[in-house]
Every structure is written in C-alpha cells, then in structure tokens.
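Student: Below are the sequence and a predicted model for it; my questions follow.
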Amino acid sequence: NKSNKSNRHDHHIQNHSNRSRYEEEDDGDEEKKSKTVKLRSNETICKNAIVSPACLGNGEINRKKREAVLSAMDNSPIKHFVIVLRTPNHLKYRGVYVVESDGESIRKLCGSGPKVITKEVTEKYFRYDSGARAFKGLPSKDFTVCDAVALNQSCWHKSGTTPHL
C-alpha cells in the first residue's frame, strides 16, 4: 500500500514536469555563466491567436499581413513565439517575436516595435485561450511560459510626439 502511494506520487511529479514549457540545459561548464533554455514549441497556439479576432482575424482586411506573419513563423528556426500587444489596456497586435536562447529577452521576427524586448519594458504577460479566443493575463513574468506580452506605453512613445493608441 505504501508502495502504491509512492508510485502515484512519482507519477504525479513526472506528469507535472512534462507540462513545463521549457527546460534548462546544463552544459556542465561552471565557468560559463550564461543560461541556455531549451524551449518547447507554442507555434500552433500562436498561429491560432494570429488568425483569431484577438489579433489579425480571418477577414480580408488583414489578409496580407496575416499571411506574411504566418509565413515568417513557418520559416523561423525558433518555434517558441511571443505575440507583442500594444499595452495592457489596448491588446492590439503589434508583432511576433522569438524567445532568445537565454529566455531573458525576445527578438522581433515581424511586425512593428523594438528590435529586442526585455522584461524591464514588459508590463503584462498573457496566455492565449483558444476556447475563449482571447488573451488571458498570467501572474508569471517569464517569456518562456507566455504566448503574448503587452509593453509599457513608453515603448510606443517617440520623443516629441504623441502616441497613437
């Protein structure tokens, strides 16, 4: 009976660890301080978000932009994407980024916005809920577990101009 409880506990731990969207790789070199993150693909989820009304929809108006985004995602060697949204109050599509190997920043694949985004300018993290076809807030502050982020309003404000929300 004690053995059965232990096996169930081990199975629960194993299942829980399999749900992680990333794993850290340890190359064994203690002098090398950089962390490398082995990312799991969220390509299908992000493609569903792109074609949903939450981003670019499925209508004719954004067809060319949507096709360009999906093509860029297909051609990317990195398959963990982060959709960048305007601000937490204006969840308007701005671009698709890929997570850098250290998991600490994201690099622009296509769209508008900064070339590289760090956690310091990221205001809120989201997961895409395909059932609700909407982005849902996450308590996490990690690029490796989110599907989208909203940036601080200051990122969209060029000096001497008024931002267009």
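Tutor: In hand now; what should we look at? Residues are numbered from 1 along each chain as shown.
Student: Would you tell me which strand is longest in this structure?
Tutor: strand 90-99 (DSSP state E).
Student: That one pairs with which strands, and in what direction?
Tutor: Counting by DSSP bridges, the strands paired with strand 90-99 are strand 81-87 (antiparallel), strand 105-111 (antiparallel).
Student: List just the one of those strands that sits closest to Ala49.
Tutor: Of all these, strand 81-87 sits nearest to Ala49, with 5.9 Å by C-beta to C-beta. Any C-beta I mention is one placed from the backbone N, CA and C, and that applies to glycine too.
Student: Count the residues that sit near Gly57.
Tutor: 15 (other C-beta atoms under 10 Å).
Student: which residues does it contact?
Tutor: Val51, Arg66 (C-beta atoms under 8 Å, 6 or more residues apart in numbering).
Student: List phi and psi for it.
Tutor: phi 60, psi -170 (degrees, to the nearest 10).
Student: For Ile50, see how far away it is.
Tutor: 9 Å (C-beta to C-beta, to the nearest Å).
Student: okay, and the common contacts of these two?
Tutor: Going by C-beta under 8 Å, 6+ apart, residues that sit against Gly57 and also against Ile50 are Arg66.
Student: and for stretch 85-93, what are the contacting residues?
Tutor: 50, 54-56, 83-84, 94, 111, 123-124, 126, 135, 148-153, 156, 165.
Student: Please convert the buried members of these into PyMOL selection syntax.
Tutor: For the buried members of the contacts of stretch 85-93, the matching PyMOL selection, counting by 16 or more other C-beta atoms under 10 Å, is:
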select buried, resi 50+54+55+56+83+84+94+111+124+126+135+148+149+150+151+156
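Student: center of the protein - which residue?
Tutor: Centroid-nearest residue in the chain, with C-alpha atoms, centre = their mean: Val82, separated by 2.7 Å.
Student: Could you list everything that one pairs with in the sheet?
Tutor: Counting by DSSP bridges, the residues bridging with Val82 are Tyr97.
Student: so it sits right up against Phe143, yeah?
Tutor: Yes - the pair Val82 and Phe143 passes the contact test of C-beta atoms under 8 Å, sitting 5.8 Å apart.
Student: hey, what's in contact with both of the two?
Tutor: By C-beta under 8 Å, 6+ apart, the residues touching both Val82 and Phe143 are Val99, Ile106, Val149.
Student: And the first one, how close does it get to Gly57?
Tutor: Counting by C-beta to C-beta, the gap from Val99 to Gly57 is 25 Å.
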